[in-house]
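>>> I need the structure of the sequence given here:
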Amino acid sequence: MKILIGCVLAGIIGFSLLTFAFFWYETANSSHRSYLQQLSNGKVTRWVLKGILLGCLSQIIVIFSFPLGFWRSLRHPAPDLKCALPPVFLVHGLYHNASAWIAYRWWLKRAGFRNVFVWSYSSWKHSFSELAEQLEYWVNQMMAEHFPGQKAVLIGHSLGGLLIRSCAAKPGMAQTLAGILTLGAPHQGSKLAVLGIGSLAQSLRYHGPVIQLLEQQSISGTVPCVAIYSPIDNMVLPAEALRTGQAGWIEQEAFPVSHIMMLYHRPTSRLVLHYMNRFCGIHEPGAANRSAHR
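Next up is the predicted model:
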């Protein structure tokens with residue numbers, strides 16, 4: 001047992017170190033390095049070390065919580081038809097499952113969003129286009145069955161962000177959505193995707209086929225779109241790949257945390273809730289302008 005635990009910990013630390021090594025190589029050879037120097041007030045090394053530690057912590061959380069993703073009540077709880085706020089649909093990233101959202105489900109419900117549902121998918125069986133179509137069908141089915149006449153909020157982390165972006169661009173979806181929000185989504189792909197396992201992962205490469213498909217799609221201007229990302233994301237490389245490059249999107253740089261840690265970082269969730277309140281017409285003066293870099 002001790003050997004197994006030691007191997008798991010070694011793997012966690014090694015993965016975090018390796019991905020941040022790729023991050024630093026990419027950063028050191030681009031203008032992002034000087035940008036980080038300015039943004040961190042010269043504390044880039046501290047930020048990266050913090051990112052490595054948070055990367056390890058987030059992986060430990062993933063490992064221990066992963067079995068919860070098979071719990072049906074986590075994915076499809078009974079709807080609360082008396083809730084006045086929009087239903088929220090959450091979509092996880094590559095190789096993850098519904099357990100990715102255990103913290104967000106708690107935070108969202110505490111904020112009054114009592115109808116929170118998680119769409120889970122396999123990272124091995126389907127192409128990106130097939131998953132986007134399945135997500136569209138599920139959202140429309142849920143809305144028609146439980147929330148007719150209302151609008152939903154879609155939130156996606158990493159690949160999940162690209163899936164909700166594609167879903168939102170489907171014909172007729174504008175009438176169904178109050179807004180969409182992505183967390184650490186590789187809007188222009190990622191150079192690390194070439195090291196991924198499976199055709200779905202490979203399709204997410206920098207300016208690869210999935211990105212070319214998304215660039216051919218457009219979301220109605222009536223749907224608010226927000227992309228939130230970390231300045232030290234260790235999985236989406238280069239850093240500019242976190243930005244959509246499309247008009248109509250709000251691009252919000254958040255806190256310096258690792259890619260996966262965005263799912264478990266309370267200050268980042270407050271930023272998400274701020275924009276969700278804006279989707280619902282709840283005004284919070286100055287909330288989005290507070291410094292996120294701490």
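
>>> domain assignment for the protein?
2-67, 68-284 (automatic domain parsing).

>>> roughly how far out does the first one sit from the chain middle?
Using C-alpha atoms, centre = their mean, to the nearest Å, we find the averaged C-alpha position of domain 2-67 to lie 17 Å away from the chain's own average C-alpha position.

>>> these two touch, right, residue 257 and residue 54?
Yes - look at residue 257 against residue 54 with C-beta atoms under 8 Å: they come within range, at 5.2 Å. Just so you know, the C-beta spots here come from the backbone N, C-alpha and C atoms, and that holds for glycine as well.

>>> what residues are shared contacts of those two?
residue 265 (C-beta atoms under 8 Å, 6 or more residues apart in numbering).

>>> isn't there a helix covering residue 252?
No - under DSSP: H, G, I helix; E, B strand; the rest coil, residue 252 falls outside any helix and is assigned strand.

>>> Quick check: which of the domains of the chain is buried the most?
When these are scored by mean count of other C-beta atoms under 10 Å, the highest mean neighbour count falls to domain 68-284 (a mean of 19).

>>> Show the average pLDDT along it.
For domain 68-284, mean pLDDT is 94.

>>> Cross-check the contact I'm expecting between residue 279 and residue 225.
No - Residue 279 is not in contact with residue 225 according to C-beta under 8 Å; the separation is 10.3 Å.

>>> any common contacting residues for those two?
Taking C-beta under 8 Å, 6+ apart as the contact rule, residue 279 and residue 225 both touch residue 179.

>>> Doesn't residue 228 belong to a helix?
No - under three-state DSSP, residue 228 falls outside any helix and is assigned strand.

>>> Give me the helices and strands touching the lengthiest helix in the chain, please.
For the chain, the helix reaching the highest residue count under DSSP state H is reported as helix 2-28. Under the contact criterion of 3 or more C-beta pairs under 8 Å, 6 or more residues apart in numbering; DSSP states H and E, helix 2-28 touches helix 32-39, helix 44-65.

>>> Could you figure out how far the last one is turned away from helix 32-39?
Interaxial angle of helix 44-65 relative to helix 32-39 (axes from the mean of the first three to the mean of the last three C-alpha atoms, to 10 degrees): 100 degrees.

>>> Just the CA atoms of helix 44-65, as PDB, please.
What follows is helix 44-65, C-alpha atoms only, in PDB (Å, rounded to 0.1, in the frame of the first residue of the first chain):
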ATOM      1  CA  VAL A  44       6.600  35.200 -11.300                       C
ATOM      2  CA  THR A  45       8.700  32.500  -9.600                       C
ATOM      3  CA  ARG A  46       6.400  32.600  -6.600                       C
ATOM      4  CA  TRP A  47       3.400  32.400  -8.900                       C
ATOM      5  CA  VAL A  48       4.700  29.400 -10.700                       C
ATOM      6  CA  LEU A  49       5.700  27.600  -7.500                       C
ATOM      7  CA  LYS A  50       2.200  28.300  -6.200                       C
ATOM      8  CA  GLY A  51       0.800  26.900  -9.400                       C
ATOM      9  CA  ILE A  52       2.800  23.700  -9.100                       C
ATOM     10  CA  LEU A  53       1.500  23.200  -5.500                       C
ATOM     11  CA  LEU A  54      -2.100  23.900  -6.500                       C
ATOM     12  CA  GLY A  55      -1.700  21.600  -9.500                       C
ATOM     13  CA  CYS A  56      -0.700  18.800  -7.100                       C
ATOM     14  CA  LEU A  57      -3.500  19.600  -4.700                       C
ATOM     15  CA  SER A  58      -6.200  19.700  -7.500                       C
ATOM     16  CA  GLN A  59      -5.100  16.300  -8.800                       C
ATOM     17  CA  ILE A  60      -5.400  14.800  -5.300                       C
ATOM     18  CA  ILE A  61      -8.900  16.200  -5.100                       C
ATOM     19  CA  VAL A  62      -9.700  14.800  -8.600                       C
ATOM     20  CA  ILE A  63      -8.500  11.300  -7.600                       C
ATOM     21  CA  PHE A  64     -10.500  11.100  -4.300                       C
ATOM     22  CA  SER A  65     -13.700  12.700  -5.700                       C
END
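
>>> For residue 249, which non-adjacent residue is closest in space?
residue 225 (4.7 Å; C-beta to C-beta, 6 or more residues apart in numbering).

>>> so what's the backbone phi/psi at the one you found?
Phi and psi for residue 225, reported as degrees, to the nearest 10, are phi -130, psi 130.

>>> From residue 75, how far out is it?
Relative to residue 75, residue 225 is positioned 25 Å away (C-beta to C-beta, to the nearest Å).

>>> repeat for residue 33
41 Å.

>>> hey, what's the residue positioned nearest the centre of the chain bridged with?
By C-alpha atoms, centre = their mean, the mean C-alpha position of the chain lies nearest to residue 157, the distance being 1.6 Å. Beta-bridge pairing for residue 157 (DSSP bridges): residue 183.
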